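# All I have is the shape, not the residue letters:
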(Lines give C-alpha, C1' and ligand atoms only; values in the text may rest on other atoms or scores of the structure.)
Protein backbone atom coordinates (compact mmCIF):
# COMPACT_ATOMS: atom_id res chain seq x y z
CA UNK A 1 0.00 0.00 0.00
CA UNK A 2 1.36 3.40 -1.00
CA UNK A 3 1.36 6.23 1.54
CA UNK A 4 1.99 9.91 0.91
CA UNK A 5 2.77 11.62 -2.35
CA UNK A 6 0.20 13.12 -4.64
CA UNK A 7 -3.16 11.53 -5.34
CA UNK A 8 -3.67 9.53 -8.52
CA UNK A 9 -4.39 11.82 -11.48
CA UNK A 10 -2.89 14.93 -9.86
CA UNK A 11 -0.51 16.61 -12.33
CA UNK A 12 3.13 16.99 -11.38
CA UNK A 13 3.72 20.70 -10.64
CA UNK A 14 7.29 20.68 -11.93
CA UNK A 15 6.29 19.00 -15.18
CA UNK A 16 3.42 21.45 -15.69
CA UNK A 17 5.67 24.44 -15.06
CA UNK A 18 8.37 23.10 -17.37
CA UNK A 19 5.85 22.49 -20.14
CA UNK A 20 4.52 26.03 -19.80
CA UNK A 21 8.03 27.52 -19.97
CA UNK A 22 8.86 25.43 -23.05
CA UNK A 23 5.55 26.32 -24.72
CA UNK A 24 6.22 30.03 -24.20
CA UNK A 25 9.77 29.69 -25.53
CA UNK A 26 8.70 27.70 -28.58
CA UNK A 27 5.90 30.17 -29.32
CA UNK A 28 8.46 32.98 -29.41
CA UNK A 29 10.75 30.96 -31.67
CA UNK A 30 7.90 30.14 -34.05
CA UNK A 31 7.09 33.84 -34.34
CA UNK A 32 10.78 34.61 -34.98
CA UNK A 33 11.01 31.89 -37.64
CA UNK A 34 7.83 33.12 -39.32
CA UNK A 35 9.24 36.65 -39.45
CA UNK A 36 12.60 35.53 -40.87
CA UNK A 37 11.76 32.52 -43.04
CA UNK A 38 12.11 34.57 -46.21
CA UNK A 39 15.81 35.01 -45.39
CA UNK A 40 16.36 31.25 -45.77
CA UNK A 41 17.29 29.62 -49.04
CA UNK A 42 14.75 27.34 -50.69
CA UNK A 43 16.71 24.28 -49.51
CA UNK A 44 16.88 25.59 -45.92
CA UNK A 45 13.11 26.24 -45.91
CA UNK A 46 12.43 22.76 -47.29
CA UNK A 47 14.69 21.20 -44.63
CA UNK A 48 12.99 23.21 -41.89
CA UNK A 49 9.52 22.20 -43.06
CA UNK A 50 10.55 18.54 -43.35
CA UNK A 51 11.74 18.63 -39.73
CA UNK A 52 8.59 20.37 -38.46
CA UNK A 53 5.95 18.36 -40.36
CA UNK A 54 6.07 15.32 -38.01
CA UNK A 55 4.95 17.58 -35.16
CA UNK A 56 1.89 18.70 -37.10
CA UNK A 57 0.92 15.71 -39.25
CA UNK A 58 1.14 12.28 -37.61
CA UNK A 59 3.17 9.64 -39.40
CA UNK A 60 1.15 7.12 -41.34
CA UNK A 61 1.63 3.46 -40.56
CA UNK A 62 1.34 0.75 -43.15
CA UNK A 63 -1.87 -1.22 -42.78
CA UNK A 64 -2.18 -4.62 -44.36
CA UNK A 65 -5.50 -5.25 -45.99
CA UNK A 66 -7.01 -8.68 -45.99
CA UNK A 67 -8.48 -9.46 -49.37
CA UNK A 68 -10.84 -12.15 -48.15
CA UNK A 69 -13.92 -9.93 -48.65
CA UNK A 70 -14.69 -11.42 -52.06
CA UNK A 71 -14.21 -14.94 -50.71
CA UNK A 72 -17.17 -14.35 -48.40
CA UNK A 73 -19.57 -13.09 -51.09
CA UNK A 74 -22.31 -15.40 -52.35
CA UNK A 75 -21.46 -17.09 -55.63
CA UNK A 76 -24.49 -15.58 -57.41
CA UNK A 77 -23.15 -12.08 -56.58
CA UNK A 78 -19.76 -12.83 -58.09
CA UNK A 79 -21.33 -14.54 -61.13
CA UNK A 80 -23.41 -11.41 -61.88
CA UNK A 81 -20.31 -9.21 -61.99
CA UNK A 82 -18.13 -11.59 -63.95
CA UNK A 83 -20.75 -12.05 -66.66
CA UNK A 84 -21.40 -8.33 -67.05
CA UNK A 85 -25.11 -8.55 -66.18
CA UNK A 86 -26.83 -6.05 -63.94
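Everything's here; your move. The shown structure was predicted, so the numbers you read here are calculated from the model rather than taken from an experiment. Residues are numbered from 1 along each chain as shown.
# ok, the most centrally placed residue in the chain - contacts?
Nearest to the mean C-alpha position of the chain, by C-alpha atoms, centre = their mean, lies residue 58 at 1.6 Å. Residues counted as contacts of residue 58 (C-beta atoms under 8 Å, 6 or more residues apart in numbering): none. All C-beta spots, glycine's among them, are computed from the backbone N, C-alpha and C.
# for it, phi and psi?
Backbone geometry at residue 58, expressed as degrees, to the nearest 10, gives phi -70, psi 150.
# what separates it from residue 6, distance-wise?
Going from residue 58 to residue 6 by C-beta to C-beta, to the nearest Å gives 31 Å.
# same question, residue 39
Separation of residue 39 from residue 6 (C-beta to C-beta) stands at 47 Å.
# again with residue 16
From residue 16 over to residue 6 the distance is 12 Å, taken as C-beta to C-beta.
# what's the answer for residue 26, then?
In terms of C-beta to C-beta, residue 26 sits 27 Å off from residue 6.
# Have a look at this structure and report the helix or strand with the lowest mean pLDDT.
Lowest by mean pLDDT, DSSP states H and E among the helices and strands of the chain is helix 75-83, with a mean of 64.
# So what touches whichever helix or strand residue 43 is part of?
Here residue 43, judged by DSSP states H and E, is contained in helix 42-52. Outside helix 42-52, the residues within contact range by C-beta under 8 Å, 6+ apart are 33, 37, 40.
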